[in-house]
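**Q** Quick one, structure for this:
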Amino acid sequence: MRDERTKVIINEIHYWKQNRLLPATYCDFLLALYTQGDGQEEKRGSRLKWSSLLFYSFLAVTLILLPLSFLVIYFTQMGIIMQTGLLSSFVITAWIHSGWLKYRKSIWFPLPLIVGLLIFFVLSITAVGYYFPGSSSLAWTAAFHCFLWVAIGHRLSVKTLTISGLAGFLLLAVLVNL
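**A** Numbers count the residues shown, from 1 in each chain. Take a look at the predicted model:
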């Protein structure tokens, strides 16, 4: 009975440390106290290594999606429907990864979000250019994306998106007036 209570307490301390409910030094002290200095951290260190490897692998895959989307559009003979479907899956993958990182409170969450928004921009420009060639709809699509970037950047407090959206509006205004 005593061992079960100790295991519950140790698991609770690990939970506090993982979710930053207590400072790490306090948690380390409590863990050393309840485990009598046993090596419980070795098991968690291995888990942390795999978690870190998985995190960086997902981040690398997300970053590879952007050049891969340009490859799909410009260097393949796929039809527009196939390109749209593939790029849509890239966008969804990047946004799911960003949502997961936001849930985990990672500082890296804007990176997949920005990659997903850039792929969505490329997808929209490609589709609009294919279905409405030679019209002003490309400028309206770019303006919509600039507005979307500013709105998302303001909502999620991502200054990079807000500044990029405003710079896009400025660039679009200059190009339209030429």
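**Q** Wait, residue 94 touches residue 64, no?
**A** No. Applying C-beta atoms under 8 Å as the test, residue 94 and residue 64 come out as separate, 10.7 Å apart. All C-beta spots, glycine's among them, are computed from the backbone N, C-alpha and C.
**Q** and the helix or strand of the chain with the lowest mean pLDDT, which residues are buried?
**A** Sorting the helices and strands of the chain by mean pLDDT, DSSP states H and E puts helix 40-74 at the bottom, at a mean of 78. For helix 40-74, the buried set under the neighbour-count rule, 16 or more other C-beta atoms under 10 Å, comprises 58-59, 62, 65-66, 69, 72-73.
**Q** how about the helices of this protein, start to end?
**A** Ranges of helices in the chain, per DSSP state H, are 2-18, 24-34, 40-74, 80-103, 110-131, 137-156, 159-177.
**Q** Name the stretch among these that sits most buried.
**A** helix 110-131 (a mean of 19; mean count of other C-beta atoms under 10 Å).
**Q** Break this protein into its domains for me.
**A** 1-35, 70-177 (the TED database).
**Q** Least confident of those, on average?
**A** Of all these, the minimum mean pLDDT falls on domain 1-35 (a mean of 82).
**Q** returning to what we had before: may I see the domains of the chain arranged in a markdown table, with distance to residue 53 as well?
**A** A markdown table is the format used below for the domains of the chain (distance: least, C-beta to C-beta, whole Å):
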| stretch | distance to residue 53 |
| --- | --- |
| domain 1-35 | 18 |
| domain 70-177 | 15 |
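**Q** got a list of what the residue nearest the centre of the chain touches?
**A** In the chain, the centroid-proximal residue (C-alpha atoms, centre = their mean) is residue 98; its distance is 2.5 Å. By C-beta atoms under 8 Å, 6 or more residues apart in numbering, the contact list for residue 98 reads 109-113, 116.
**Q** can you redo the residues you listed as TSV with distance to residue 126?
**A** Output for the contacts of residue 98, formatted as TSV (distance: C-beta to C-beta, whole Å):
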residue	distance to residue 126
109	26
110	24
111	23
112	21
113	20
116	16
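**Q** wait, which of these is closest to residue 88?
**A** Nearest to residue 88 among those, counting by C-beta to C-beta, is residue 116 at 10.6 Å.
**Q** quick one: residue 27 from residue 17, how far?
**A** 4 Å (C-beta to C-beta, to the nearest Å).
**Q** to the chain's geometric centre, what's the distance from stretch 105-116?
**A** The chain centroid and the centroid of stretch 105-116 are separated by 3 Å, computed with C-alpha atoms, centre = their mean, to the nearest Å.
**Q** And it, end to end?
**A** 19 Å (C-alpha to C-alpha, to the nearest Å).
**Q** Can you give the contact residues for that stretch?
**A** 55, 59, 62-63, 65-66, 90-91, 93-95, 97-98, 101-102, 152, 156, 158, 160-161.
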